[in-house]
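Peer 1: coords below, sequence missing:
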Ligand SMILES: NC(=O)C1=CN([C@@H]2O[C@H](COP(=O)(O)OP(=O)(O)OC[C@H]3O[C@@H](n4cnc5c(N)ncnc54)[C@H](O)[C@@H]3O)[C@@H](O)[C@H]2O)[C@@H](O)CC1
Ligand SMILES: [K+]
């Protein structure tokens, strides 16, 4: 198993792993034996003797199922095996098991447990009957289902449901988890996910293409202050607001402070300056009339990062301000209206983006900028779009994706209660703070998405944006202890 436990293997990477194993003298039969044995041991660890039905598909996933059948029977379990081995390797494993019945005769009456070894990483195209009926029958049985490698019917690379999928109680995946285990809708079908080593030697050759966001990737870059620090050295963030929605930039600014930015300036139109002076305490309020005033503020060189978008209306004025900011090549977060303003001038935006920018669209904002990706899976959207722009992309959603040059990290968890107004402004603020602390845009994005999601779990049900801001210091303390 790879030491990068956060590394997710695509189907083509799994094939490369297989070839790598063979080049180290392992046979495919040995790997199948290792997989089946590891799975059967895990099953016997979790359950006492159960009347078990094994559903074995035509390929190697089915082969793994036959191995499980043999091991469970050797341990005295009553096991009924249904399958139609087609590949020579699956047949080799099937020969070691007596009394295999045809899949159309499957019956779950008086049984306790189902092992799903129908399809794994080799699933191609959408499943049709008789597989549909079989999967529906297994799901409707009410029995616990253990899926080998992945729930049959889930696309290993994308999490797409290929017609119909097994709803697993437990999934025992081999060598390393697959992206589909963390991408919706497939993610919901895995039940408990565990990974088993099957003896494939470590290899360094595969590129890190898709992986899970974990603090190990960025924690060391987030520093606690020392006696040498002062408020400006701890990150100086400029948040641009508008009179359109005043609360949004306020929340972004406060969030930046709550995750450790030492100094946050909120720059708003002259018309609301006085109002804001009276309603915020710790942020510095400055005003602007035109984009030139913002340019002058940036000229001062004081700000280490800029956040624009929360509460900004999609307009030509916003567009002008964004273009002005991007000229300065500062670490910059573009969110909400800062992105939507370019719906009809996408190329202008793409040309102005640079390496220090992070864009944080939700799917609606994303499709305004990349309409040609409408109908694509999220993982494909992120991969394609991030290869087209020089900025880092955070594609927000239940399984937020962070992408740069086609490399993608998946946020493994987040509370569904985050689906409420204002939480996006908070993410923009957190990100602005981490950028001001000199984290590189990709690492800052990983850290911000994690902190945001993790804080949402601290708050729990009935979260509103203001609660999330309050929970940020607790989350930051968790990271540092
Ligand atoms: N890659 C590796 O290193 C290892 C893989 N192993 C197992 O092997 C699995 C992959 O094996 P395979 O590549 O044989 O693939 P699968 O066993 O997942 O499925 C391939 C078979 O399903 C058929 N099939 C695909 N899509 C279909 C559809 N829509 N309708 C009907 N039939 C369809 C194919 O014609 C082929 O016969 C993994 O998921 C894992 O369980 C393990 O044995 C251990 C080692
Ligand atoms: K399976």
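Peer 2: Thanks, I have the structure now. Everything numeric here is computed off the predicted structure, so don't read it as measured data. Residues are numbered from 1 along each chain as shown. Ligands and ions are numbered 1, 2, ... in the order given.
Peer 1: ok, now how distant is residue 454 from ligand 2?
Peer 2: Going from residue 454 to ligand 2 by Cβ to the ion, to the nearest Å gives 31 Å. Heads up, the C-betas are built off the backbone N, CA and C, glycines and all.
Peer 1: Tell me how many other residues surround that residue.
Peer 2: Residues lying near residue 454 (other Cβ atoms under 10 Å) number 21.
Peer 1: Using the three-state scheme, assign it.
Peer 2: helix (DSSP: H, G, I helix; E, B strand; the rest coil).
Peer 1: Now name the helix or strand holding the closest residue to it other than its chain neighbours.
Peer 2: In space, and not counting its chain neighbours, residue 454 is closest to residue 475: 5.2 Å by Cβ to Cβ, 6 or more residues apart in numbering. Using DSSP states H and E, residue 475 sits within helix 465-480.
Peer 1: Name the residue closest to the centre of this structure, please.
Peer 2: residue 410 (2.0 Å; Cα atoms, centre = their mean).
Peer 1: show me the residues around that residue that make contact.
Peer 2: Counting by Cβ atoms under 8 Å, 6 or more residues apart in numbering, residue 410 touches 8, 179, 182-183, 210-213, 399-401.
Peer 1: ok, now how distant is it from ligand 2?
Peer 2: Applying Cβ to the ion to residue 410 and ligand 2 gives a distance of 21 Å.
Peer 1: how much space is there between the residue nearest to residue 454 and residue 468?
Peer 2: Distance from residue 475 to residue 468, counting by Cβ to Cβ, to the nearest Å: 9 Å.
Peer 1: so what's in contact with those two at the same time?
Peer 2: The contact lists of residue 475 and residue 468 share residue 455, where a contact means Cβ under 8 Å, 6+ apart.
Peer 1: Neighbour count for the two, which is higher?
Peer 2: With neighbours defined as other Cβ under 10 Å, residue 475 and residue 468 compare such that residue 468 has more, 27 against 22.
Peer 1: How about the residues of the chain by ligand 1?
Peer 2: The chain comes close to ligand 1 at residues 14, 17-18, 31-32, 35, 57-64, 86-87, 119-125, 127, 131, 148-149, 174, 198, as judged by Cβ under 6 Å from any ligand atom.
Peer 1: Whichever of the residues you listed end up buried, select them in ChimeraX.
Peer 2: ChimeraX command restricting the residues of the chain next to ligand 1 to the buried ones, with burial defined by 16 or more other Cβ atoms under 10 Å:
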select :14,17,18,31,32,35,57,58,59,60,61,62,63,64,87,119,120,121,122,123,127,131,148,149,174,198
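Peer 1: If we check ligand 2, which of the residues of the chain next to ligand 1 are in contact?
Peer 2: Among the residues of the chain next to ligand 1, proximity to ligand 2 is found for residue 148 (Cβ under 5 Å from the ion).
Peer 1: The residues of the chain next to ligand 1 in helices, which ones?
Peer 2: Of the positions in the residues of the chain next to ligand 1, 14, 17-18, 31-32, 35, 60-64, 131 sit in helices, assigned by DSSP state H.
Peer 1: and the two most separated of these?
Peer 2: Of all pairs drawn from these, the greatest distance, 26.5 Å, lies between 17 and 131 (Cβ to Cβ).
Peer 1: Skip the chain neighbours and tell me the closest residue to residue 158.
Peer 2: Nearest to residue 158 is residue 377, by Cβ to Cβ, 6+ apart, at 4.9 Å.
Peer 1: Contacts only, for that neighbour.
Peer 2: So residue 377 contacts 158-160, 183 (Cβ under 8 Å, 6+ apart).
Peer 1: what's the distance between the residue nearest to the centre of the chain and residue 378?
Peer 2: 10 Å.
Peer 1: joint contacts of the two?
Peer 2: 183, 399, 401.
Peer 1: domain assignment for the protein?
Peer 2: As given by automatic domain parsing, the domain ranges for the chain are 7-204, 215-480.
Peer 1: Contacts only, for residue 154.
Peer 2: 123, 160-162, 165-166, 180, 186, 189-190.
Peer 1: With pLDDT added, can I get the residues you listed in a markdown table?
Peer 2: As requested, the contacts of residue 154 are exported to a markdown table (pLDDT from 0 to 100):
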| residue | pLDDT |
| --- | --- |
| 123 | 98 |
| 160 | 97 |
| 161 | 98 |
| 162 | 98 |
| 165 | 98 |
| 166 | 99 |
| 180 | 98 |
| 186 | 98 |
| 189 | 98 |
| 190 | 98 |
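Peer 1: can you tell me which of those lies nearest to ligand 2?
Peer 2: residue 166 (6.7 Å; Cβ to the ion).
Peer 1: The closest one: how many residues sit nearby?
Peer 2: Per other Cβ under 10 Å, the neighbour tally for residue 166 reads 27.
Peer 1: In terms of pLDDT, where does the nearest residue to it once chain neighbours are set aside sit?
Peer 2: Distance criterion Cβ to Cβ, 6+ apart; nearest residue to residue 166, sequence neighbours excluded, is residue 151 at 4.2 Å. With respect to pLDDT, residue 151 scores 99.
Peer 1: which phi and psi does residue 151 have?
Peer 2: As for residue 151, its main-chain torsions (degrees, to the nearest 10) stand at phi -60, psi 130.
Peer 1: returning to what we had before: tell me who's in contact with the closest residue to the residue nearest to the centre of the chain other than its chain neighbours.
Peer 2: Among residues not flanking residue 410 along the chain, residue 182 sits closest, at 4.6 Å (Cβ to Cβ, 6+ apart). Residues in contact with residue 182 (Cβ under 8 Å, 6+ apart) are 8, 159, 212, 399, 410, 412.
Peer 1: Which of the residues you listed sits closest to ligand 2?
Peer 2: Nearest to ligand 2, judged by Cβ to the ion, of the contacts of residue 182 is residue 159 at 14.6 Å.
Peer 1: Parallel or antiparallel, list what pairs with the longest strand seen in the chain.
Peer 2: For the chain, the strand with the greatest residue count under DSSP state E is strand 263-269. Strand 263-269 pairs in its sheet with strand 236-240 (parallel), strand 284-288 (parallel), by DSSP bridges.
Peer 1: Would you mind giving those strands as TSV with mean pLDDT and mean neighbour count added?
Peer 2: Below are the strands paired with strand 263-269 laid out as TSV (pLDDT from 0 to 100; neighbours: other Cβ atoms under 10 Å):
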stretch	mean pLDDT	mean neighbour count
strand 236-240	98	28
strand 284-288	97	17
